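Visitor: Quick one: sequence and predicted model below, then my questions.
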Amino acid sequence: MDGLTPVEQRAPGKWQLGTVTSIKRETPTVKSFRLELPMWMEHFPGQHYVVRLTAPDGYRAQRSYSVASSPLDEGEIELTIDRLDDGEVSTYFHDVLEKGDRVEVRGPFASYFVWRGESPALLIGGGSGVVPLMSMLRHRRRVMPEVPMGLVYSVRSAEDVIYADELEDDVLLTYTREPPEGWSGHTGRIDSSLIAMATSDSETAFICGSNGFVDSASSLAMEAGIPPDRIRTERFGPTG
Ligand SMILES: Cc1cc2nc3c(=O)[nH]c(=O)nc-3n(C[C@H](O)[C@H](O)[C@H](O)COP(=O)(O)OP(=O)(O)OC[C@H]3O[C@@H](n4cnc5c(N)ncnc54)[C@H](O)[C@@H]3O)c2cc1C
């Protein structure tokens, strides 16, 4: 796995102040934030950071956000955040944070949801669940493009597609509500026919999204013959 994981996995770093270097609007509710970190540490694709906000009265809120960028982007990380109307932390990122502002983060946090070069790999994402999968895809494209990896990505409509300008042949999209005009691909929920088209003989699956999405996609991955212990899941639920 040379080039993929040049350093051994370590304990997460200390709290540090990242500086926002760019903000990109992805969809009407999603933005990507690039943060420059003074104590940057290499992450594995799939890992996440914890963000901590502190109000003037000392009240604190902290939430987890997956890293979207490849670990080859030295010195910085990208977080892609979906704005929840009544959310505390996601609204702060969307409505308050500007380029040049600083925000407190800690990571990267390890979980079993990391890609270490397993292949062929099947990635299944719903909505913002695509974020850690995009880190895997971006990294694989840069370090080992020959490795088979396919992403099945479920969105509601064309305006909800995150990373729209980076979706290549290794991505299969399905629109669950409203496909764009002239769309001849898959529509509706992910099903076994779409999984079969993604990568053949996948030995490992990474599935990320809401609870219901992860449950149904895991069943499909099992039906496709991927052993349960090779199906890794990450849930972006309300308890996150
Ligand atoms: C490991 C991990 C990685 C994550 N990575 C990402 C990421 O890359 N991008 C991203 O946008 N989010 C991600 N999340 C979700 C994120 O941590 C927050 O839960 C989310 O941003 C909401 O926080 P908030 O403070 O805005 O809302 P809160 O103030 O926590 O909640 C507002 C309301 O929304 C509900 N709610 C909370 N979270 C969700 C949710 N995810 N979906 C639907 N309803 C919800 C709550 O029940 C509440 O009613 C991740 C979660 C985990 C556990």
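Guide: Right, received. Where do you want to start? Residues are numbered from 1 along each chain as shown.
Visitor: residues from this protein in reach of the ligand?
Guide: Residues of the chain lying near the ligand by C-beta under 6 Å from any ligand atom: 48, 63-66, 80-82, 84, 86-90, 128, 131, 234, 236-238, 240. (Each C-beta comes from the backbone N, C-alpha and C, glycine too.)
Visitor: Would you quantify the distance from the closest residue to the ligand within the chain to Arg177?
Guide: Taking C-beta to the nearest ligand atom as the measure, the point where the chain comes nearest the ligand is Gly87, at 2.1 Å. The gap separating Gly87 from Arg177 is 22 Å, by C-beta to C-beta, to the nearest Å.
Visitor: of those two, who's got more company?
Guide: Between Gly87 and Arg177, Gly87 has the larger neighbour count (other C-beta atoms under 10 Å), namely 15 against 11.
Visitor: ok, that one to Met134 distance?
Guide: Taking C-beta to C-beta, one finds Gly87 at 21 Å from Met134.
Visitor: buried residues in whichever strand in the chain runs longest?
Guide: Ranked by residue count, the top strand of the chain under DSSP state E comes out as strand 16-27. Within strand 16-27, the residues that qualify as buried by neighbour count (16 or more other C-beta atoms under 10 Å) are Gln16, Gly18, Val20, Glu26, Thr27.
Visitor: mind listing what the second one touches?
Guide: Contacts here follow C-beta atoms under 8 Å, 6 or more residues apart in numbering; on that basis Gly18 touches Leu35, Glu36, Leu37, Pro38, Ile77, Arg102, Val103, Glu104, Val105.
Visitor: what about burial for these, which qualify?
Guide: Here, 16+ other C-beta under 10 Å leaves Leu35, Leu37, Ile77, Val103, Val105 buried among those.
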